[in-house]
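> Return atomic coordinates for the entry below.
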Amino acid sequence: MNHSINRRQALPCEMTALEARFGVRVAARLHQGSQEVPHDIGERLRVARETAVSRARHAKRLAAAQTPVALRHQGGTATLSGRGAESWWVRLGALAPLVVLLAGLLFVHEWQRLEQIDATAELDAAILSDDLPPSAYTDPGFVEYLSNPGTTATQ
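Predicted coordinates for the structure are as follows:
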């Protein structure tokens, strides 16, 4: 019977279970290795381990306490609570670079449009002030006219 390996994304609960199993295996391996360590080094490692665990618990409590916005249910309506006006200022501050970028893009677009208008106006002025009549530019023999340097518009 052919069994194919199912390569799907692991669910969060499966990931938690895998992490827990990995942690237990690492702890067991470390415990085995700690049996061969001298007593004074083992005590220092135990103290360091307890310190690390207490710091991790403290950091986890701080992270949970500093959640910026939490959804709370009050009197039948869901309201956003957290740091109030400060969180709105942070959000507006995060949008500021986007606003500056859009303003810059609009400025560049407008500047290019004005440059194109200036170039077109300059070309129109050159055509209209030239000795050649504007209808000559549409004439099929105009290329011949340009290739003969000795000819002029008025002969």
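> From here on, just use CA atoms for contacts and neighbour counts.
Fine.
> immediately after the helix or strand hosting Leu114, which helix or strand?
Element membership for Leu114, per DSSP states H and E: helix 85-129. Using DSSP H and E, the next helix or strand after helix 85-129 towards the C-terminus is helix 142-147.
> average pLDDT for that following helix?
Confidence over helix 142-147 (mean pLDDT, whole number) is 74.
> just how off-centre is it within its chain?
56 Å (C-alpha atoms, centre = their mean, to the nearest Å).
> among the helices and strands of this structure, which one scores worst on average pLDDT?
For the chain, using mean pLDDT, DSSP states H and E, the weakest element among its helices and strands is strand 69-74, scoring a mean of 45.
> domain assignment for this structure?
11-60, 93-150 (automatic domain parsing).
> Could you dump these into JSON lines with distance to Gln66 and mean neighbour count added?
Output for those, formatted as JSON lines (distance: least, C-alpha to C-alpha, whole Å; neighbours: other C-alpha atoms under 10 Å):
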{"stretch": "domain 11-60", "distance to Gln66": "10", "mean neighbour count": "12"}
{"stretch": "domain 93-150", "distance to Gln66": "19", "mean neighbour count": "11"}
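> Could I get the average pLDDT for the helix or strand containing Ile41?
Taking DSSP H and E as the definition, one finds Ile41 inside helix 39-65. Mean per-residue pLDDT for helix 39-65: 85.
> Among the domains of the chain, which comes closest to Ser87?
The closest of the domains of the chain to Ser87 is domain 93-150. By C-alpha to C-alpha, the value is 9.7 Å.
> re earlier: could you tell me how far the helix holding Ile41 lies from the centre of the chain?
The mean C-alpha position of helix 39-65 is separated from the chain mean by 35 Å, C-alpha atoms, centre = their mean.
> now do stretch 96-105
For stretch 96-105, the distance to the chain centre is 14 Å (C-alpha atoms, centre = their mean).
> about what we covered before: which helices and strands sit right next to the helix holding Ile41?
Helices and strands touching helix 39-65, by 3 or more C-alpha pairs under 8 Å, 6 or more residues apart in numbering; DSSP states H and E: there are none.
> Dead centre of this structure: give me the residue that sits there.
Leu98 (10.9 Å; C-alpha atoms, centre = their mean).
> All set now, cheers.
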